[in-house]
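In: take this sequence and fold it.
(chains A and B)
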Amino acid sequence: MVKNDMTLARLSELVGAYGASAVRWPEAERVAAEALLAGSADARALVAEARELDLLLDMAPSATASSDLAARIMAARPRAASGRIVSAGRERPGLWRAIARLVWPYGSPAFPAGALAASIMLGVTFGASFSSSIAAFGLTTTQVADSAATATGSGEQLVSLALAENDYPEDWKQ
Amino acid sequence: MNDASDDELVARVALGDEAACRLLVDRHLTRMLALARRMLGSQADAEEVAQEVFLRVWTHASRWEPGRAQFGTWLHRVATNLCLDRLRRHGTEDIDSIPEPQSDDPTPHEELERSDLARQVDRALQALPARQRAAVTLTHYQGLSNIEAAETLGISVEAVESLLGRARRQLRAALATERDEWLRKTGV
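Out: Residues are numbered from 1 along each chain as shown, chains lettered A, B, ... in the order given. Below is the predicted model:
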């Protein structure tokens, strides 16, 4: 609501709080205050005194961001769920990548094939060394089964620990 | 993208759009840093607060409701509250910790006088009670209206005006000597 009446006392309160610049005065009282200012030497004296403090305040040091501040902030930015940053017009795949995507739309089969081969090799190696250690210690199959049964309790704990989901504290989501 | 509104950028930030994140930082980092610097009187603390403000933006981007509040006002509120919390936790700022200008600085004499004056103004600002300092920072330096400052501080417009009136009276008294000296030299 625009106020049309302005007194010297009220103008004194305004400049005492907001300073000499009319743009900082409350919008509803600005026009009335400027009208009083135009016609009153006392009003102008009030504003001139407030301007001195404004000019001093303007000399306060300002901050300059260090060179890596923006980089640190950007490093913590949210990422796209796919792990690739979605940004319009930024990604331009090369010819080979485009062909590879055409042939293997779900990614190269080399990765699952490699993983399968590695698991087979690990299984064969582990199996061979396990049977040779049984033979070396002269254990029978039954003895091995018994010792495996006693180890089951701690083994299950280890497996469950390994498969447990990591529960990260997410207080930053609060 | 450059002319996208803050609301549009925040929506893109929630999707992990790097360019939107960068644009928001470009638009608002300097002002948030300036606010924190004037509130805390320390460049290092101001940078920590500015960084924390943007971490809040990244975290809350997906929950931002366009039109519910002005993004700029919300940023000011977050930054101001972080500064007030920090001042509350660390107690009254030791204004003597503000570094003296280097006596062997090769800066010309006038420049040295100017930086000395700037330091005096900074000390006077840091000597204000935290909420008065916040009111001056928001209105005088950040250019917020009385209504925006009231919203940022969570108080009435009348309370903002009262804080500002008391703050400027204290500043005028604290800077009386500097003011007279400065007026004598500049002939303003």
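
In: for chain B, longest helix please?
Out: Secondary structure of chain B per DSSP state H: the longest helix is helix B:18-40.

In: run the chain-centre distance for that helix.
Out: 11 Å (CA atoms, centre = their mean, to the nearest Å).

In: and it, what does it pack against?
Out: On a contact count with 3 or more CB pairs under 8 Å, 6 or more residues apart in numbering or on different chains; DSSP states H and E, helix B:18-40 meets helix A:69-75, helix B:6-14, helix B:43-60, helix B:71-90, helix B:130-136. Quick note: C-beta positions are derived from backbone N, CA and C, even for glycine.

In: so which of the ones you listed is the most surrounded?
Out: Burial of these is given as mean neighbour count (mean count of other CB atoms under 10 Å in any protein chain shown); helix B:130-136 ranks first at a mean of 24.

In: let me see the ranges of the helices in chain A.
Out: Counting by DSSP H, chain A has these helices, from start to end: A:8-18, A:27-39, A:41-57, A:69-75, A:95-103, A:110-137, A:141-163.

In: follow-up on the earlier one: go through the longest helix of chain B and flag the buried ones.
Out: For helix B:18-40, the neighbour count (16 or more other CB atoms under 10 Å in any protein chain shown) marks B:18-25, B:28-40 as buried.

In: quick one, it and helix B:71-90 angle?
Out: Counting by axes from the mean of the first three to the mean of the last three CA atoms, to 10 degrees, helix B:18-40 lies at 40 degrees to helix B:71-90.

In: mean pLDDT lowest for which of the helices of chain A?
Out: Note on these: lowest mean pLDDT is at helix A:141-163, with a mean of 46.

In: quick one: residues contacting A:A43.
Out: A:8, A:11, A:36-37 (CB atoms under 8 Å, 6 or more residues apart in numbering or on different chains).

In: ok, and the most crowded of these?
Out: With neighbours defined as other CB atoms under 10 Å in any protein chain shown, the most crowded of the contacts of A:A43 is A:L11; it has 22 neighbours.

In: can you check which of the helices and strands packed on helix B:18-40 gets nearest to A:R51?
Out: With CB to CB as the measure, helix B:130-136 is the member of the helices and strands packed on helix B:18-40 nearest A:R51 (15.7 Å).

In: show me what that closest one is packed against.
Out: helix B:18-40, helix B:71-90, helix B:109-126, helix B:146-153, helix B:157-174.

In: tabulate those helices (JSON lines), appending mean pLDDT.
Out: Listed next are the helices and strands packed on helix B:130-136 as JSON lines, based on pLDDT from 0 to 100:
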{"stretch": "helix B:18-40", "mean pLDDT": "96"}
{"stretch": "helix B:71-90", "mean pLDDT": "95"}
{"stretch": "helix B:109-126", "mean pLDDT": "86"}
{"stretch": "helix B:146-153", "mean pLDDT": "96"}
{"stretch": "helix B:157-174", "mean pLDDT": "97"}
